[in-house]
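Chemist: A structural model of the following input is requested.
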Amino acid sequence: MTALETTESPSAVVTLSDLDEGARNLRFQRLQDRMSAVWDSMKRDRDDESVVVIPSVSLNRSAPGTGSMMQAMEERSLFLLLLLRQPRLRMIYVTSMPIDPRVIEYYLALLPGVIPSHALARLTTLSVGDSSDRPLSEKLLERPRMLSKIARLIPDRACSHLIYYNTTARERDIALSLGIPMYGADPRLADLGTKTGCRRLFGEVGVRFPLGVEDLHTVDDVADAIDGILTARPTVGQVIVKLNDGVSGAGNAVVDLDGVTAVPQPARRAAIRDRVQQMQLESPDLSFDAYVAKLESDGGIVEERIVGEELVSPSVQLRIRPDGVVELLSTHDQLLGGASGQRYLGCTFPADQAYSRLISGPAMAIGERLSTEGVLGRFAVDFVVVRDAAGEWTEYAIELNLRKGGTTHPFLTLQFLTDGRYDGRSGLFLTPEGAVKHLAATDHLEADELRAISIGDLFDVVARHGLHFDQSRQVGIVFHMISSITEHGRVGMTAVGDTPEQAVRLYDRARELLLAEARAAGQERALPD
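Modeler: Numbering: from 1, shown residues only. Reported below is the predicted structural model:
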């Protein structure tokens with residue numbers, strides 16, 4: 001059983017098992033009402049201000065994972081250590097397994113104008129000691145003593161809050177257990193962020209989105225929906241099937257419809273079903289039968305695949321403050337790959353000025369609607385933007401993510417390092433001194449040969465080749481997901497430059513040097529003694 005300490009009396013303890021869902025939701029709503037006061041306290045630089053970071057990844061990734069990769073995803077949020085530049089802030093950072101101390105030192109050394117040892121004294125890292133691939137929040141709820149330990153470390157609940165990656169009922173229950181609000185959307189609003197929910201929301205708000213059908217659960221549902229799409233628009237050549245809770249494109253599949261409209265109507269329905277049976281799955285780890293099972297259990301959509309002379313996939317990040325104000329935070333161009341070019345690999349920032357303001361308007365309209373629904377915290381809207389033969393760009397909203405995403409950590413890394421801001425009017429990121437900054441980032445610098453490199457080897461490469469972030473010029477590389485390099489041959493990085501070209505050059509140079517060093521290390525280890 002998980003202890004729930006009431007905020008009114010720290011000594012009064014009840015158990016969550018004594019509360020049904022309605023009671024938990026009511027208590028959570030009251031707890032979230034305190035977020036406004038916590039937000040105000042953050043502006044006053046109080047000595048007892050603290051944050052509890054629980055970077056649990058509670059997402060349906062439509063593919064099997066591993067405990068060590070889950071750990072790397074939890075460590076992806078270590079950019080939050082840069083918040084310790086605030087000289088009084090205390091942080092409690094929780095992970096499934098212990099973080100290598102060298103990784104902590106790496107991040108603290110990036111802090112501008114702060115003595116690393118002073119920041120370290122205000123940081124407490126805790127680990128559950130559970131390396132399974134289950135979400136961290138699930139592991140914590142099984143361990144009430146660990147939750148009690150976290151609660152005792154919070155200096156004052158009146159000026160503390162939880163930071164998550166995404167929010168589910170598990171994260172809600174942890175907030176209730178600790179007696180502090182969380183800066184994130186109420187899990188009861190999660191349907192707004194599903195593929196079905198966001199399409200409905202886009203329609204209600206009046207933003208442009210692709211032709212399609214929601215709330216599908218069977219292959220026959222998908223075939224019927226495609227038949228309807230072709231009836232409405234016979235020129236559609238491909239459609240995309242998306243699982244409601246798919247992440248980073250892993251829940252997507254492409255259905256090729258070339259030639260189907262030429263099939264006589266009585267036989268067309270069977271031809272469509274055959275094409276659905278042959279659809280190309282974006283995730284290589286998912287079988288057709290497993291995909292259909294997820295569709296049946298979780299639901300999904302099908303929509304027209306947008307095509308044109310030139311097509312890009314930018315996103316817009318926003319946040320809703322506790323007072324309901326919607327803020328435009330950033331625009332990014334997403335770097336996509338995979339079987340059909342729908343798998344998220346990384347991003348560049350800011351998005352191209354040719355369309356960055358074009359997507360900001362619809363995103364703000366979506367944000368205003370979410371604010372009226374009671375959404376709190378960061379979220380992102382993904383778009384497809386297509387240019388026609390006349391050079392005109394047209395935007396289509398395609399996804400709403402009520403959580404942090406793949407573009408969050410690169411952007412916040414840049415923001416925390418430079419104290420800069422995105423200017424929506426110009427589409428540029430500016431430091432307080434007015435300098436323009438750009439970035440190129442990935443979570444997928446991966447190759448088998450990278451397994452030859454240890455954490456220590458990585459830092460040696462950084463030091464010898466000058467790949468570190470230079471605070472004096474505010475240019476360079478910041479690595480993340482460092483713990484996954486040896487086992488998975490994968491690491492993430494954010495390259496910061498003064499121009500888009502410089503950011504990409506730094507990115508390419510770091511990648512080439514790291515791969516070259518990995519190949520050399522692999523050859524050394526292959527030599528006989």
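Chemist: Give me the below-cutoff pLDDT ranges for the protein.
Modeler: 1-15, 59-65, 525-529 (pLDDT under 70).
Chemist: can you rerun that using 50?
Modeler: 1-14, 62-63 (pLDDT under 50).
Chemist: Geometrically speaking, which residue is the centre of this protein?
Modeler: Geometric centre of the chain, nearest residue: residue 405, 1.5 Å, by CA atoms, centre = their mean.
Chemist: Could I get the contacting residues of that one?
Modeler: Contacts for residue 405 (CB atoms under 8 Å, 6 or more residues apart in numbering) come out as 315, 317, 380. In this view, the C-beta of every residue, glycine as well, is placed from N, C-alpha and C.
Chemist: The last one is in contact with residue 317, isn't it?
Modeler: Yes - the pair residue 380 and residue 317 qualifies as a contact (CB atoms under 8 Å) at a distance of 5.0 Å.
Chemist: Now the common contact residues for these two.
Modeler: 405, 407, 408.
Chemist: gap between the helix or strand harbouring residue 220 and the chain center?
Modeler: Per DSSP states H and E: residue 220 is located in helix 219-232. A distance of 31 Å separates the C-alpha centroid of helix 219-232 from that of its chain, computed with CA atoms, centre = their mean, to the nearest Å.
Chemist: Next, report how far the longest helix along the chain is displaced from the centre of its chain.
Modeler: The longest helix of the chain (DSSP state H) is helix 500-526. The chain centroid and the centroid of helix 500-526 are separated by 26 Å under CA atoms, centre = their mean.
Chemist: Same question for stretch 286-299.
Modeler: The answer for stretch 286-299 is 23 Å, by CA atoms, centre = their mean.
Chemist: who's in contact with that stretch?
Modeler: With CB under 8 Å, 6+ apart, stretch 286-299 has contacts from 60, 62-63, 194, 196, 215-219, 222, 241, 243-245, 250-251, 253, 277, 279, 281.
Chemist: ok, of these, which come out buried?
Modeler: Neighbour counting by 16 or more other CB atoms under 10 Å classes 62-63, 194, 196, 215-216, 219, 222, 241, 243-245, 250-251, 253, 279, 281 among those as buried.
Chemist: and those residues, which of them are in helices?
Modeler: Members of those lying in helices (criterion: DSSP H): 196, 219, 222.
Chemist: List the pairing partners of the helix or strand encompassing residue 52 within its sheet, with orientation.
Modeler: Secondary structure from DSSP H and E places residue 52 in strand 50-54. Its sheet considered, strand 50-54 pairs with strand 90-95 (parallel), strand 160-164 (parallel) by DSSP bridges.
Chemist: Out of those, flag the one nearest residue 143.
Modeler: strand 90-95 (10.8 Å; CB to CB).
Chemist: Return the angle between stretch directions for the following helix or strand past that closest one and strand 90-95.
Modeler: Next along the chain after strand 90-95, taking DSSP H and E as the criterion, comes helix 101-108. Angle, helix 101-108 to strand 90-95, by axes from the mean of the first three to the mean of the last three CA atoms, to 10 degrees: 140 degrees.
Chemist: now what about stretch 388-402, what contacts it?
Modeler: With CB under 8 Å, 6+ apart as the test, stretch 388-402 has contacts from 166-167, 185, 189-190, 192-193, 195, 197-198, 201-202, 207-210, 303, 306, 308-309, 354-355, 358-359, 362-363, 366, 370, 375, 379-387.
Chemist: then that stretch to CSV, C-alphas only?
Modeler: Listed next in CSV are the C-alpha coordinates belonging to stretch 388-402 (Å, rounded to 0.1, in the frame of the first residue of the first chain):
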residue,chain,number,x,y,z
ASP,A,388,2.9,23.8,-53.9
ALA,A,389,4.3,24.5,-57.4
ALA,A,390,3.5,28.2,-56.9
GLY,A,391,5.7,28.3,-53.8
GLU,A,392,2.9,28.7,-51.3
TRP,A,393,3.0,26.8,-48.0
THR,A,394,0.0,25.1,-46.5
GLU,A,395,-0.1,23.7,-42.9
TYR,A,396,-1.9,20.6,-41.5
ALA,A,397,-2.1,19.8,-37.8
ILE,A,398,-1.5,16.1,-37.4
GLU,A,399,-0.7,15.4,-33.7
LEU,A,400,-1.1,16.8,-30.2
ASN,A,401,1.3,15.6,-27.5
LEU,A,402,0.2,16.5,-23.9
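Chemist: In strands only, show me the contacts of stretch 388-402.
Modeler: Counting by DSSP state E, those place 303, 379, 380, 381, 382, 383, 384, 385, 386, 387 in strands.
Chemist: who's in contact with residue 484?
Modeler: Applying CB under 8 Å, 6+ apart, the residues near residue 484 are 68, 69, 71, 72, 490, 491.
Chemist: From the chain's centroid, how far away is the host helix or strand of the third one?
Modeler: What it means is residue 71. Element membership for residue 71, per DSSP H and E: helix 67-75. How far helix 67-75 lies from its chain's middle: 14 Å, per CA atoms, centre = their mean.
Chemist: helices or strands up against that helix?
Modeler: When contacts are defined as 3 or more CB pairs under 8 Å, 6 or more residues apart in numbering; DSSP states H and E, helix 67-75 packs onto strand 90-95, helix 485-488.
Chemist: Identify whichever of the ones you listed lies nearest to residue 102.
Modeler: Using CB to CB, those put helix 485-488 closest to residue 102, at 12.3 Å.
Chemist: Tell me the buried residues in the closest one?
Modeler: 485, 486, 488.
Chemist: Centre of the chain to it, how far?
Modeler: For helix 485-488, the distance to the chain centre is 21 Å (CA atoms, centre = their mean).
Chemist: likewise stretch 159-177?
Modeler: The mean C-alpha position of stretch 159-177 is separated from the chain mean by 16 Å, CA atoms, centre = their mean.
Chemist: mind checking the end-to-end distance for it?
Modeler: The first residue of stretch 159-177 is 16 Å away from its last residue (CA to CA, to the nearest Å).
Chemist: Equivalent analysis for stretch 123-138, please.
Modeler: Start and end residues of stretch 123-138 are separated by 23 Å (CA to CA).
Chemist: next one: stretch 256-266
Modeler: 20 Å.
Chemist: Buried residues of that stretch, list them for me.
Modeler: 257, 260, 261.
Chemist: Can you give the distance of that stretch from its chain's centre?
Modeler: 38 Å.
Chemist: Give me the contacts around it.
Modeler: 226, 230, 234, 236-239, 268, 271-272, 275, 278-280.
Chemist: Of all pairs in those residues, which one spans the longest distance?
Modeler: 234 and 280 (21.9 Å).
Chemist: Neighbour count for these two, which is higher?
Modeler: Neighbours were counted for residue 234 and for residue 280 using other CB atoms under 10 Å; residue 280 has more, 14 against 11.
Chemist: Let me see the contact set for the closest residue in space to the more buried one that isn't next to it in sequence.
Modeler: Spatial nearest neighbour of residue 280, chain neighbours left out: residue 254 (4.6 Å); criterion: CB to CB, 6 or more residues apart in numbering. The neighbourhood of residue 254, defined by CB under 8 Å, 6+ apart, consists of 238, 239, 240, 241, 279, 280, 282, 305, 339, 340, 342.
Chemist: Just checking: what are the partner strands of the host helix or strand of the second one?
Modeler: The secondary structure element spanning residue 239 is strand 238-243 (assigned by DSSP H and E). Paired strands of strand 238-243, with direction, are strand 252-256 (antiparallel), strand 300-304 (antiparallel) (DSSP bridges).
Chemist: Alpha carbons of it, in PDB - could you do that?
Modeler: Extracted C-alpha coordinates of strand 238-243, given in PDB (Å, rounded to 0.1, in the frame of the first residue of the first chain):
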ATOM      1  CA  GLN A 238      -1.600   6.700 -49.700                       C
ATOM      2  CA  VAL A 239      -3.100   6.800 -46.300                       C
ATOM      3  CA  ILE A 240      -1.500   6.500 -42.800                       C
ATOM      4  CA  VAL A 241      -3.000   4.300 -40.100                       C
ATOM      5  CA  LYS A 242      -2.000   5.500 -36.600                       C
ATOM      6  CA  LEU A 243      -2.500   3.800 -33.300                       C
END
